[in-house]
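Asks: Build the 3D model from these lines:
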Amino acid sequence: MKFVLIFGPQAVGKMTVGHALEETTALKLVHNHMTIDLLHPYFGFSQETWRLVDLFRCEIFEAVANSELYGLIFTYVWAFDKQADWDFVQKVCSIFEAKGGEIYFVELEAPMEERMERNKTPHRLAHKPTKRNVAQSEQNLLESLEKNRLNSLDGEITRENYMRINNAGVSPEDVAAMIKAKFHF
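Replies: Below you'll find the model as predicted:
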């Protein structure tokens, strides 16, 4: 079992790269908005939404870790300055490692200007209903710069199977090919 965590700031291309990687491997994608957008219509962005999101995700991860699937791709906005996010990542990795799974970290980064453009792409808006209010989504992107650190510092990620990609101006298919080649998927 392989668990691939693709992380980085909002609109950096995590889901799009995940889709491209899913197309060329036997890995299956669960992008972070699949659970968020399921619950948002009922509870908005409330504590109850986040409680259920974490519960659903962990149940999905447990089921996948116990399955015969080749592996799973999961996308995540990791706030490196929040211990709760570090704890969540460790908890998820532990689910797979307890079943002998291999963990792969892929960190994406791109300049804010590029992320603002990606925030409006039809692919993103089709798959993420809560991002369709583009003005609000853009405001969230800008606020996140001041509020949290969404890319790691050099040397902060110590996992063996880790790669960082600046995907500015690089197609999702090319990024997926880099990931596939490095980790031999």
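Asks: Now do the same contact list for His33.
Replies: Taking Cβ atoms under 8 Å, 6 or more residues apart in numbering, we find His33 in contact with 15, 127-128, 130-131. The C-beta positions use only the backbone N, C-alpha and C, and glycine is treated the same way.
Asks: buried subset of those residues?
Replies: Burial by neighbour count, 16 or more other Cβ atoms under 10 Å: within the contacts of His33 this picks out 15, 127-128, 131.
Asks: got these as CSV, with pLDDT columns?
Replies: Output for the buried ones among the contacts of His33, formatted as CSV (pLDDT from 0 to 100):
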residue, pLDDT
Met15, 93
His127, 75
Lys128, 75
Lys131, 75
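Asks: TSV for those, including secondary structure and distance to Trp78?
Replies: Listed next are the buried ones among the contacts of His33 as TSV, based on DSSP: H, G, I helix; E, B strand; the rest coil; distance: Cβ to Cβ, whole Å:
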residue	secondary structure	distance to Trp78
Met15	helix	15
His127	helix	20
Lys128	coil	18
Lys131	helix	18
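Asks: Nearest to Ala177, out of these: which one, please.
Replies: Ala177 lies nearest to Met15 out of the buried ones among the contacts of His33, by Cβ to Cβ, at 17.1 Å.
Asks: My guess is the closest one contacts Ile73. True?
Replies: No - using Cβ atoms under 8 Å, Met15 makes no contact with Ile73, being 9.5 Å away.
Asks: Touching both of those two, which residues are there?
Replies: Leu29.
Asks: Just the CA trace of the helix or strand containing Arg51, in PDB.
Replies: According to DSSP states H and E, Arg51 maps onto helix 47-65. In PDB, the C-alpha atoms belonging to helix 47-65 read as follows (Å, rounded to 0.1, in the frame of the first residue of the first chain):
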ATOM      1  CA  GLN A  47     -16.500  23.200  14.000                       C
ATOM      2  CA  GLU A  48     -19.000  20.500  13.200                       C
ATOM      3  CA  THR A  49     -17.900  20.400   9.600                       C
ATOM      4  CA  TRP A  50     -14.200  20.100  10.500                       C
ATOM      5  CA  ARG A  51     -15.000  17.400  13.100                       C
ATOM      6  CA  LEU A  52     -16.900  15.300  10.600                       C
ATOM      7  CA  VAL A  53     -14.300  16.000   7.800                       C
ATOM      8  CA  ASP A  54     -11.600  14.600  10.100                       C
ATOM      9  CA  LEU A  55     -13.800  11.600  11.100                       C
ATOM     10  CA  PHE A  56     -14.700  10.800   7.400                       C
ATOM     11  CA  ARG A  57     -11.100  11.100   6.200                       C
ATOM     12  CA  CYS A  58      -9.700   8.900   8.900                       C
ATOM     13  CA  GLU A  59     -12.400   6.300   8.200                       C
ATOM     14  CA  ILE A  60     -11.600   6.400   4.500                       C
ATOM     15  CA  PHE A  61      -7.900   6.100   5.300                       C
ATOM     16  CA  GLU A  62      -8.500   3.100   7.600                       C
ATOM     17  CA  ALA A  63     -10.600   1.400   4.900                       C
ATOM     18  CA  VAL A  64      -8.000   2.000   2.200                       C
ATOM     19  CA  ALA A  65      -5.200   0.800   4.500                       C
END
